[in-house]
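K.L.:
pasting the sequence and the predicted coordinates here, then a few questions.
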Amino acid sequence: MLLTAALLLGLLAADPNAGMPDTTSSRGMMVVTPATLHDQRDPHTVLLGLINQQRQVAGLKPLVWDARLAQAAHDHAEVMSQEGRLSHQFEGEPALLDRLTRRAVRLDSASENVVYDVTPEGAHEAFENSTPHRNNMMNAAYDSVGIAVVNRDGILYVVEDFAHRLFEQDDQAAAERIASGFEDARRQFGLPALERVNNQRMESMVEQMVERESPDSHLPLSLPGARLAAAYATLSPAEIPASIARLAALRGTGAYSVAVQFARTPRYPSGLFWVSIVVYDGNVSYARR
């Protein structure tokens, strides 16, 4: 038996805004999870190999093993084995997206295959013979997978969680990326570089945006010397919105500040980078207040 679920996460518009667990056992149920993926007999290795063989034949990039996805899959496979049936969400269990993001996976799309069978090869064949499941395995947008196999009385409960992961970086690295984009835009406009200054008040303003789950470009305008500001939320700090280019084109400015915070919120559980940037008038001393 098998089920499939596919989930495409909505993106917030920019402008308006590993080591593997060891094999364990309990109450006669063996949870089959590998210490490594080098054992060719391990069911996880078998399933990953079969998936990537198919992708290679189709000219697709192989999926990379993600231990966090695997742990999320393992949690769900254990519940299925205890229930003795298939589902993508049991009563009291988080939905797929919540299960993945609770494992600190940053992603913008994901899907899941579940099945029970007596062999990993049989499980894969069941997926292969179902169009929705095959589509999950062969989705060119995905780059990562986590697989769990729980053996209960000879029945293998299999969960495959697929995802397209986002580039992971901390707040400081994200701020550097955004600042670089701002400075590149200045050069494209033929304007001189601006001094970048830190402003701790902006950090608290970004925290307020996170709490409200809404970008607010008016908050930074209360800063001394602020001329114009922009605020937005994004999955990718490398993508600079048009509002930032407009700030970069301003003449007669003397400095700018950037504040960034990555946060998961109830509305955006997969997480977003919340960004605020402000440019100051020519008197740089204002910016340091």
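P.N.:
The structure has been received and is ready for your questions.
K.L.:
make it CA atoms for all contacts and neighbour counts henceforth
P.N.:
Will do.
K.L.:
which parts of the stretch 151-289 of the chain are strands?
P.N.:
Per DSSP state E, counting those that start in this stretch, the stretch 151-289 of the chain has strands spanning 155-165, 195-196, 226-234, 253-263, 272-281. These are given in chain order.
K.L.:
for the first one, name the packing helices and strands.
P.N.:
Other elements packing on strand 155-165 under the criterion 3 or more C-alpha pairs under 8 Å, 6 or more residues apart in numbering; DSSP states H and E are helix 67-83, strand 107-117, strand 144-152.
K.L.:
partner residues bridging V114?
P.N.:
L3, V159 (DSSP bridges).
K.L.:
just use 615 as the starting number from now, easier for me
P.N.:
With the count now opening at 615, the last piece we talked about shows up as V728.
K.L.:
and it, how far from S836?
P.N.:
As defined by C-alpha to C-alpha, to the nearest Å, V728 lies at a distance of 53 Å from S836.
K.L.:
which residue comes closest to D784 once chain neighbours are left out?
P.N.:
What sits nearest to D784 in space, not counting adjacent residues and going by C-alpha to C-alpha, 6 or more residues apart in numbering, is F876, at 7.6 Å.
K.L.:
right, and that neighbour touches S884 too?
P.N.:
No. Taking C-alpha atoms under 8 Å as the definition, F876 is not a contact partner of S884, at 10.3 Å.
K.L.:
tell me which of those two has more neighbours.
P.N.:
When F876 and S884 are compared on other C-alpha atoms under 10 Å, the one with more neighbours turns out to be S884, at 23 against 20.
K.L.:
find the nearest non-adjacent residue to that one, please.
P.N.:
The nearest residue in space to S884 (C-alpha to C-alpha, 6+ apart) is T715, at 5.5 Å.
K.L.:
that neighbour against P883, yeah?
P.N.:
Yes. At 6.8 Å, T715 and P883 qualify as touching, with contact defined as C-alpha under 8 Å.
K.L.:
circling back: ok, now how distant is the residue nearest to S884 from A869?
P.N.:
The value you get for T715 to A869, if C-alpha to C-alpha is used, is 37 Å.
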